[in-house]
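Novice: Sequence first, predicted model second:
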Amino acid sequence: MKTRISKHFLAAVLVSLAPCATVLAQGAPQDSTKESFNRALKDEGKWYFSWGYSRQQYAPSDIHVSQPELGNDFTVHKAAASDFPGSVSDTLNSLVNFDFTNPQENIRIGKFMNPEKTFAIEFSLDHTKYNTDFGQTASVSGTINNQPAPGSMALTPQNFTYALHNGLNHVMVNAVWLKHLRGPEQQAGHLQLISRVGAGILLPHADNTIFGKENQVGPKNENICCFSSNDWWQLNGWTVGTEVGLRYRIYKSIYGELTQKFAYGALKGVPVYKGTADQTIWMSEQVFSLGFLF
């Protein structure tokens, strides 16, 4: 079922790109297109950078845990999870205390690829956070301690803490389109519709305790990234997403942006104590950011 959903999601992304491909195919002659592309690469003021913060909501997800040495091979079904900090006020308190990386931050850096500044290629980092909710009772199947799983289990800090808490990091390359809505173009007061489609990798930091056994991946300042079993951040999956919202030019070179993003991620080999975990995640995200053009 999940495979069919993910295929449908990818198909929808490809369909959304089809009109853009048609427009490009029907545009100016090849030489003219090439000249515009080269001019866009050389012109000044075609780059942009933004920093923002976000909130995430997650669909219930199945988490499969494999710990062969411990006799564990089980799945926690439809586990509910939340982001962190737990409220907007917590996020604001972090910013007041100059702890700018405690909330879920978002970075975008892009380059306009046409003189009209309506199409860009962009790198993005969404430092989202994922934490299973305590107090819930989830159904469980498989084997625990070489015995059949009990059927259901209360998720508590000791028996099942599963967090991608120092980042369920979505690192993506996006295609970006902007459409004029109102106001003077490329000046203060300019309002645009912005949309993104992208794909990339997941670099999570796993922080979990399963049946009293805490996962240890090594100190952050010694093993940073990305392929060793004791690295702080590890390459554990891939992600695709689409995003739509509004960009408003506050000043000629400064803008604010508010967007809604939907993303799908597939995680495999997330480290747990003497084992790994696999999971797929559907995420809804609201992002507010400030940026400037240069």
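Specialist: Arrived safely.
Novice: Give me the buried positions along stretch 48-65.
Specialist: Using 16 or more other Cβ atoms under 10 Å as the test for burial, stretch 48-65 gives 48, 50, 52-56, 58, 61-65. Just so you know, the C-beta spots here come from the backbone N, C-alpha and C atoms, and that holds for glycine as well.
Novice: Then stretch 230-246?
Specialist: Along stretch 230-246, the positions that meet the burial threshold by neighbour count (16+ other Cβ under 10 Å) are 231-234, 236-243, 245.
Novice: now swap in stretch 182-191 and tell me
Specialist: His190.
Novice: Quick one: distance of that stretch to the chain centre.
Specialist: When distances are taken as Cα atoms, centre = their mean, to the nearest Å, stretch 182-191 is centred 29 Å away from the chain's centroid.
Novice: Distance across it, terminal residue to terminal residue?
Specialist: Using Cα to Cα, to the nearest Å, the end-to-end distance of stretch 182-191 comes out at 5 Å.
Novice: what's it in contact with?
Specialist: Contacting residues not belonging to stretch 182-191 are listed as 117, 180-181, 246-252 [Cβ atoms under 8 Å, 6 or more residues apart in numbering].
Novice: where does the stretch 51-200 of the chain dip in pLDDT?
Specialist: Within the stretch 51-200 of the chain, the ranges that satisfy pLDDT under 70 run 85-102.
Novice: Contacts only, for Gly200.
Specialist: Neighbour list for Gly200: 124, 170-173, 238-239 [criterion: Cβ under 8 Å, 6+ apart].
Novice: any chance of those in CSV, with distance to Gln216 and secondary structure too?
Specialist: Listed next are the contacts of Gly200 as CSV, based on distance: Cβ to Cβ, whole Å; DSSP: H, G, I helix; E, B strand; the rest coil:
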residue, distance to Gln216, secondary structure
Ser124, 30, strand
His170, 25, strand
Val171, 24, strand
Met172, 29, strand
Val173, 32, strand
Trp238, 26, strand
Thr239, 26, strand
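Novice: hey, where'd the strands end up in the stretch 101-250 of the chain?
Specialist: With DSSP state E, counting those that start in this stretch, the ranges of strands along the stretch 101-250 of the chain come out as 105-112, 119-132, 137-144, 147-148, 152-154, 160-182, 191-204, 207-210, 213-214, 225-226, 233-234, 237-251.
Novice: closest to Asp73 out of those?
Specialist: Nearest to Asp73, of all the strands of the stretch 101-250 of the chain, is strand 137-144, at 4.9 Å by Cβ to Cβ.
Novice: Show me which residues of the closest one are buried.
Specialist: Of all the residues in strand 137-144, those buried under the rule 16+ other Cβ under 10 Å are 138, 140-141, 144.
Novice: Partner strands of that strand and their direction?
Specialist: For strand 137-144, sheet partners with direction are given as strand 72-79 (antiparallel), strand 147-148 (antiparallel), strand 152-154 (antiparallel), following DSSP bridges.
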